[in-house]
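> Everything below, folded, please.
(one chain, ligands or ions: 2)
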Amino acid sequence: MSTALLTVENLGKTYRLPRQTLLSAAPEVKALRGVDFSLQAGRSLGIVGESGSGKSTLARLVMALEKPDSGRVLLDGVDLHRLGAAELRRSRAKLQMVFQDPFGSLDPRRTVMQTVAEPLAVLLGASRAEQRERAVEALAAVGLGSGDLAKYPHEFSGGQRQRIAIARALITRPRLIVADEPVSALDVSVQAQVLNLMQDLQDQFGISYLFISHDLAVVDLVCDEVIVLNEGLVVERGSPAQLFRAPQHPYTRRLLDAIPGLGPRAGK
Ligand code: ADP
Ligand code: MG
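Ligands and ions are numbered 1, 2, ... in the order given. Down below sits the predicted model:
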């Protein structure tokens, strides 16, 4: 059997909140409780769950932006949380992230060129000429042109801004993109365009996605397999078709009921 691109083993994370009073114990939130999964190269894994179920915490731990309390995150068999700073920077080029809010995640004072090329400059120390060449290439891949390089985020629509964020993720030629609610802030018609783009990019470049969404319908379009998170625990996993046809866990059924036109009153 080939090594998985990404393996997450027994991942746990507890946050301690400030004490309410001097003598009371500090309250804790168990954001993740022993999460396990693996993802093969070129495949997509969906992570679904209600708000507060631990999805973004999982994304931050996989990206090594934060340390877990227990467990491991292996990229190509290498434990990211045990790497030194220089090695981690090199590994970071292989995994990139796209966030929910294309308004918040793009710096309004930076040009598209600066934004898109930044990971290449910071992680791989690319020359100016290479930065520009690769930025043009990445923009073309998301349907934007070299004429957009000198523009600023406010000159673009929400969908275009998310394309810019995706170009920024693509520029290091990553193996894995962690997308945390990448279309949740977009209009439904624009959501479909961005999801189609993400699928095209996967076909073209063999990228894997860890695709996080509170919306099972969105995950259904993109993912080969889905994990359902509830209060930091994996309560169910399977193909989107399995989860839609025969959800095993009541929590999964609740998520399905929340989809307009698919809920219990949809007559299906
Ligand atoms: P989701 O992305 O599914 O909405 P999160 O991973 O953001 O969930 O949060 C999971 C739980 O951990 C929530 O209860 C949240 O309040 C808590 N949490 C997340 N980040 C922190 C933090 N930095 N400090 C304290 N609690 C946090
Ligand atoms: Mg979140």
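> what about the host helix or strand of Val8 and ligand 1, any contact?
Using DSSP states H and E, the element containing Val8 is strand 6-16. Yes: legend: contact between strand 6-16 and ligand 1 by C-beta under 6 Å from any ligand atom is shown at Tyr15. Any C-beta I mention is one placed from the backbone N, CA and C, and that applies to glycine too.
> Need the contact partners of that strand.
Outside strand 6-16, the residues that touch it by C-beta atoms under 8 Å, 6 or more residues apart in numbering are 26-39, 54, 57-58, 61-62, 66, 68-75, 77, 176, 208, 210, 232.
> Check stretch 247-264 too.
Everything outside stretch 247-264 that qualifies as a contact, by C-beta under 8 Å, 6+ apart, is 48-50, 214-217, 228, 230, 235-236, 243-244, 268.
> which of those are buried?
Applying a neighbour-count criterion of 16 or more other C-beta atoms under 10 Å, the buried members of the contacts of stretch 247-264 are Val48, Gly49, His214, Asp215, Leu216, Ala217, Val228, Asn230, Val235, Glu236, Leu243, Phe244.
> Looking at the residues you listed, which are in strands?
In strands, judged by DSSP state E, the following of the buried ones among the contacts of stretch 247-264 are found: Val48, Val228, Asn230, Val235, Glu236.
> so which of the contacts of stretch 247-264 are also by ligand 1?
Gly49.
> Closest one of the contacts of stretch 247-264 to ligand 1?
Closest approach between those and ligand 1, by C-beta to the nearest ligand atom: Gly49, at 5.4 Å.
> Surely that closest one touches His214?
Yes: using C-beta atoms under 8 Å, Gly49 is in contact with His214, at 6.9 Å.
> what touches both of the two?
Counting by C-beta under 8 Å, 6+ apart, the residues touching both Gly49 and His214 are Lys55, Leu255.
> Okay, the residue in the chain that ligand 2 sits nearest to and Arg134: tell me how far apart.
For the chain, the residue closest to ligand 2 is Ser56, as judged by C-beta to the ion, at 3.2 Å. Ser56 is 28 Å from Arg134, where distance means C-beta to C-beta, to the nearest Å.
> Leaving out chain neighbours, which residue sits closest to Arg19?
Ala26 (4.9 Å; C-beta to C-beta, 6 or more residues apart in numbering).
> For the one you found, give me its contacts.
Taking C-beta under 8 Å, 6+ apart, one finds Arg16, Leu17, Pro18, Arg19 in contact with Ala26.
> ok, of those, which one's closest to ligand 1?
For these, the nearest to ligand 1 is Leu17 (5.9 Å; C-beta to the nearest ligand atom).
> can you list contacts of stretch 72-90?
Contact with stretch 72-90 is made by 3-11, 61-62, 64, 67-68, 91, 94-95, 122-123, 175-176, as judged by C-beta under 8 Å, 6+ apart.
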